[in-house]
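> 3D model of this:
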Amino acid sequence: MSVVGFIGLGNMGGPMAANLIKAGHKVQGFDIEQDRVRQFEKNGGDPVNDIREISNNVDFVITMLPAGSHVRSVYLETCGVIASFNKNTLLIDCSTIDVATAREVAAEAKRAGLIMLDAPVSGGVMGAEAASLTIMVGGNKRGFEQATSLLSLMGKNVIYTGSSGNGQVAKMCNNLMLGVSMIGVSEAFVLAEKLGLDHQKLYDISSSSSGQCWSLTSYCPVPGPVPNSPANRNYQAGFTVDMMLKDLNLSQDSAKICGVETPMGAKAASLYDQFKGLGNGYLDFSAIIRLLRNSDN
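Modelled structure (predicted):
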């Protein structure tokens with residue numbers, strides 16, 4: 001079994017670390033929020049008070065952090081990850097961040113003689129808890145092969161995407177599709193409501209015909225048709241509006257850099273930004289249907 005250092009024990013990192021512990025790995029964990037550290041310890045983890053207290057002979061260091069600035073700080077500071085671990089430690093960043101930062105940090109790790117992978121995940125909190133995430137991995141192919149068995153304990157689909165940063169590209173593009181499709185599904189249900197068609201009838205038809213998509217069949221934005229969707233628990237978040245907006249903004253920033261037009265992505269980002277501005281950032285992103293229902297009020 002491996003020894004793993006896990007930095008970032010929040011809504012995603014906490015259950016991901018717990019799955020490694022369940023599989024028998026020794027996991028040393030750090031987070032700035034003490035309630036998260038206490039839960040990690042209850043799950044059988046070994047908490048540390050500073051990333052420098054993580055044993056420097058761990059096999060893997062995994063990070064799950066909010067944004068590129070946090071990743072840059074944790075990896076690149078004088079006493080950060082790159083400076084603190086030996087060349088036998090494989091670095092894996094599961095955060096969702098901008099492509100440029102992912103590539104820059106990986107390049108710094110390579111200069112220090114370390115292998116680093118960017119491995120963002122898709123599947124939300126439920127996927128993290130169930131170890132059913134999709135994990136998109138960019139970076140050194142040998143590092144990917146070394147990490148696959150460990151990543152498979154946290155995700156159902158572990159997919160190699162190519163060079164450093166490509167995991168972030170895949171995650172960003174996937175969530176661009178997701179954000180747009182959820183708005184399309186929500187618009188259809190709102191229109192059906194206005195015209196008197198029952199939710200279940202629309203679901204039964206569209207889920208078995210050309211309207212079928214993940215936003216409909218796994219995460220339906222109205223209560224009833226998909227019992228496990230957040231709509232059935234008042235939109236308690238599996239993947240928040242804040243998180244969706246972050247990913248859509250990453251896609252728009254990248255599109256501008258590349259000179260690519262993404263009009264649907266731009267409109268989706270605008271709508272989620274509007275919904276967040278009304279105080280709904282903590283809700284599940286499928287709650288965007290509430291904004292669309294009230295758009296004529």
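> ok, which stretches of this structure are strands?
Here the chain has its strands, by DSSP state E, at 3-7, 26-30, 46-47, 60-63, 90-93, 116-118, 121-122, 133-139, 155-162.
> Deepest-packed of the ones you listed, please.
Comparing the strands of the chain by mean neighbour count (mean count of other C-beta atoms under 10 Å), strand 116-118 ranks first with a mean of 29. Glycine gets a C-beta too; all of them are placed from N, C-alpha and C.
> Okay, now the sheet partners of that one, with direction.
Its sheet considered, strand 116-118 pairs with strand 90-93 (parallel), strand 133-139 (antiparallel) by DSSP bridges.
> need those in a markdown table with mean pLDDT and distance to G68, can you?
Formatted as a markdown table, these follow (pLDDT from 0 to 100; distance: least, C-beta to C-beta, whole Å):
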| stretch | mean pLDDT | distance to G68 |
| --- | --- | --- |
| strand 90-93 | 97 | 10 |
| strand 133-139 | 97 | 15 |
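> can you list these in TSV and add distance to G10?
Shown next, in TSV, are the strands paired with strand 116-118 (distance: least, C-beta to C-beta, whole Å):
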stretch	distance to G10
strand 90-93	14
strand 133-139	15
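> Next, the buried residues of stretch 63-70.
63-65, 68, 70 (16 or more other C-beta atoms under 10 Å).
> just the residues you listed now: which is nearest V185?
When the buried residues of stretch 63-70 are ranked by distance to V185 (C-beta to C-beta), M64 comes first, at 28.4 Å.
> wait, isn't that closest one in contact with M12?
Yes: counting by C-beta atoms under 8 Å, M64 touches M12, with 5.5 Å between them.
> shared neighbours, the two?
Counting by C-beta atoms under 8 Å, 6 or more residues apart in numbering, the common neighbours of M64 and M12 are C94.
> follow-up on the earlier one: go through the buried residues of stretch 63-70 and name the one nearest S218.
Checking the buried residues of stretch 63-70 against S218 by C-beta to C-beta gives M64 as the nearest, at 22.5 Å.
> so how far is Y282 from that closest one?
From M64 across to Y282, the span is 19 Å (C-beta to C-beta, to the nearest Å).
> what about E53, distance to F40?
14 Å.
> of the two, who's got more company?
F40 (24 against 14; other C-beta atoms under 10 Å).
> if I read this right, the more buried one contacts P47, doesn't it?
Yes: contact status for F40 versus P47: in contact at 6.0 Å, counting by C-beta under 8 Å.
> hey, what's in contact with both of those two?
G29.
> quick one: buried residues of the longest helix anywhere in the chain?
Assignment by DSSP state H gives helix 166-195 as the longest helix of the chain. For helix 166-195, burial by neighbour count (16+ other C-beta under 10 Å) applies to 166-183, 185-190, 192.
> ditto for stretch 224-244
So stretch 224-244, judged by 16+ other C-beta under 10 Å, has buried residues 225-226, 229-231, 235, 237-244.
> Now for these: which two are most distant?
P225 and D242 (25.8 Å).
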